[in-house]
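Enquirer: give me a model of this one.
(one chain, ligands or ions: 3)
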Amino acid sequence: MMRQLLMLLAALTLHAEAATFDTATVERGRYLATASDCMACHTARHGKAMAGGLVLASPVGDIVSTNITPSKQYGIGNYSEQQFSDAVRKGVRADGQNLYPAMPYTAYAVMTDDDIRAMYAYFMQEVKPVEQGSKPTDLPFPMSVRASMKVWNAMFLDHKPLTPAPQRPAQWLRGRYLADGAAHCSTCHTPRGLLMQEKKELYLTGSQVGPWYAPNITSHPTSGIGSWSEAELVQYLRTGRVEGKAQAAGSMAEAISYSFSRLSDEDLKAIAVYIKDLPPMAGDEPVSRFNQGQAGNALPSLRGKSYQENAKGPHLGAQVFSANCASCHGFNGQGTADGYYPSLFHNSATMNNSNLLATILYGVERETRHGHVFMPPFGDQVNAVNHLSNDEIAALANYIQVSYGSGAPGVKAEDVAVIRQGGPQSHLLLLARLGMVAGLLVLSALIIVVLRRRAKQQGK
Ligand code: HEC
Ligand code: HEC
Ligand code: HEC
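Expert: Ligands and ions are numbered 1, 2, ... in the order given. Modelled structure (predicted):
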């Protein structure tokens, strides 16, 4: 009886404590959680908001995002502000165990105490508790040893706040704070090294993210987005499209739908100011991906023959195009005047084989205040309009490259197979996005080697 009373009292005090955050703090926390895209990973498809259960596939097993609603039993209802801060910025959860870096704490590490506090206030006071657990992450040994992440953190997690830059205007500083922290641009756009750490010296110069390629966004005129105006970058982050240049699909479409499109104009502007100011860094791109190709129509070469006849000859690509793509993008690849169906020339996605193939296999989906954008997938999905084979897609991609893109046919059926499996890091898929799996494997192997050596030496 006494114990129950005490528990009740404790619960009441906790509640009273939780309720002390004012509305302004809670609302700021909501905004920061949106800017950080917590929702994208912590909500399962068709699941309850923030209740976890999204499965991030990895070659060694599934990593499952957890319930971060304030449920005391299943979520983070018992987290203190300090514990919340440690989870978000250091990758250490309440029981002291390390999180896998599928949770982007390396980026969130730069967030200020004040902002972390506001997010805590939002989660505790505003997010609805969901009383439901998710399948636990159960990786096989040695991946199950979460402590191996301590070594990785010691090597790659930077706890220091951003380098002071007092000579910079406030807008630039705000942009850097958002881009490097909450919005975590570099987790996708910066290439990764052997241990899956971000290569700081190649900051934002482009990286493969599962089946998609997140391009160079430094200000280099041909490799990067040097030809974009600040206003165009703001428009891209807000709507996912800049006519005659680029559209957002894949993980960029997700980030725009759930996060960037909901940021204030000032913050988008700040991000654009900062990104546009990055020093130009060259990549392998000899020409700008935004101004290649031209309208062209292969229809005359197909006339008078059946689909089957054309499909056997050199016109397979043109045939697949006219049967599956021309209805929306036009027989000459020009798209529609209103830009809803984009032109395939002067298009960033056309120039990158990975993104061209991923678009065909996975389609495009984006939802912002500016409407719902949808291109159907042609891959293995049950709802695919048409299941195109690797040979058909390779021929189609080469037709598009020659007619509307680089001019060079370079796609083989094997390349299509790779993107169909989820990208060059193959089965890594989503985890590859922030994936440390390869790193974990190598590290675990190293640790085991070290431990064995030690054991041997001690045995002597
Ligand atoms: C890119 C995906 C991703 C994003 C974005 C993300 N998380 Fe996570 N988070 C995860 C995964 C996966 C785990 C579980 C990792 C594990 O089990 O090691 C996790 C774990 C956590 C935990 C530990 C909970 C527990 O006790 O198990 C907290 C707290 C958390 N996330 C909060 C947040 C907050 C707050 C945000 C936004 C600021 C956020 N996460 C954004 C993927 C993500
Ligand atoms: C979750 C991964 C992810 C995050 C986070 C992310 N991006 Fe992207 N981004 C991509 C991918 C993938 C593409 C290619 C999309 C396509 O072509 O359809 C892309 C494309 C772009 C493009 C268009 C480039 C071109 O040549 O077409 C710009 C600009 C861009 N991102 C800027 C940003 C900025 C700025 C941030 C941070 C505020 C950011 N991205 C965060 C994955 C990401
Ligand atoms: C039902 C209409 C429709 C069909 C059919 C269609 N598309 Fe699209 N396509 C779209 C829409 C809508 C977009 C996205 C526009 C946006 O993002 O603003 C798009 C975007 C694209 C992009 C740019 C993607 C990016 O990431 O930037 C490419 C490339 C493309 N389509 C190629 C194709 C090819 C090849 C085919 C035939 C296999 C095809 N489309 C069939 C409607 C269609």
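Enquirer: other SSEs contacting the helix or strand harbouring Y399?
Expert: Per DSSP states H and E, Y399 falls inside helix 390-404. Helices and strands touching helix 390-404, by 3 or more CB pairs under 8 Å, 6 or more residues apart in numbering; DSSP states H and E, are helix 316-324, helix 348-351, helix 353-362, helix 413-420. Quick note: C-beta positions are derived from backbone N, CA and C, even for glycine.
Enquirer: again, only using 7 Å
Expert: helix 316-324, helix 353-362, helix 413-420 (3 or more CB pairs under 7 Å, 6 or more residues apart in numbering; DSSP states H and E).
Enquirer: and of those helices, who's closest to R174?
Expert: helix 353-362 (30.1 Å; CB to CB).
Enquirer: gap between G52 and N398?
Expert: 43 Å (CB to CB, to the nearest Å).
Enquirer: run a quick check on S85 versus D115, I expect a contact.
Expert: No: checked against CB atoms under 7 Å, the pair S85 and D115 is beyond contact range at 10.2 Å.
Enquirer: poorly predicted segments of the protein, please.
Expert: 1-19, 57-61, 140-143, 194-195, 425-460 (pLDDT under 70).
Enquirer: that one: strands as residue ranges?
Expert: 55-56, 63-64, 207-209, 212-214, 241-242, 246-247, 364-368, 371-375 (DSSP state E).
Enquirer: just name the most buried of the ones you listed.
Expert: Stretch with highest mean neighbour count among these: strand 212-214 (a mean of 25; mean count of other CB atoms under 10 Å).
Enquirer: not counting its own residues, what contacts that strand?
Expert: 188-189, 206-207, 250-252, 352, 354-355, 358 (CB atoms under 7 Å, 6 or more residues apart in numbering).
Enquirer: closest residue of the stretch 351-460 of the chain to ligand 3?
Expert: Per CB to the nearest ligand atom, M375 is where the stretch 351-460 of the chain lies closest to ligand 3, at 3.2 Å.
Enquirer: gap between that residue and ligand 1?
Expert: Counting by CB to the nearest ligand atom, to the nearest Å, the gap from M375 to ligand 1 is 24 Å.
Enquirer: contacts only, for the residue nearest to that residue when sequence neighbours are not counted.
Expert: Spatial nearest neighbour of M375, chain neighbours left out: V364 (4.0 Å); criterion: CB to CB, 6 or more residues apart in numbering. Applying CB under 7 Å, 6+ apart to V364 gives the contacts 247, 249, 253, 373-375.
Enquirer: turn these into JSON lines, columns for distance to W212.
Expert: Supplementary listing: the contacts of V364 in JSON lines, determined by distance: CB to CB, whole Å:
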{"residue": "Q247", "distance to W212": "12"}
{"residue": "A249", "distance to W212": "7"}
{"residue": "A253", "distance to W212": "9"}
{"residue": "V373", "distance to W212": "16"}
{"residue": "F374", "distance to W212": "17"}
{"residue": "M375", "distance to W212": "14"}
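Enquirer: closest one of those residues to Q73?
Expert: A253 (34.7 Å).
Enquirer: contact residues of the stretch 101-250 of the chain facing ligand 1?
Expert: 102-104, 108, 119, 137 (CB under 6 Å from any ligand atom).
Enquirer: out of the helices and strands packed on helix 390-404, which is closest to H184?
Expert: helix 353-362 (20.2 Å).
Enquirer: pull the CA atoms of that closest one into CSV?
Expert: The C-alpha coordinates for helix 353-362 follow below in CSV (Å, rounded to 0.1, in the frame of the first residue of the first chain):
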residue,chain,number,x,y,z
ASN,A,353,22.8,5.8,-64.5
SER,A,354,22.1,4.9,-60.9
ASN,A,355,19.4,7.5,-60.6
LEU,A,356,18.0,6.7,-64.1
LEU,A,357,17.7,3.0,-63.3
ALA,A,358,16.4,3.6,-59.8
THR,A,359,13.7,5.9,-61.2
ILE,A,360,12.6,3.2,-63.7
LEU,A,361,12.7,0.5,-61.0
TYR,A,362,11.2,2.4,-58.0
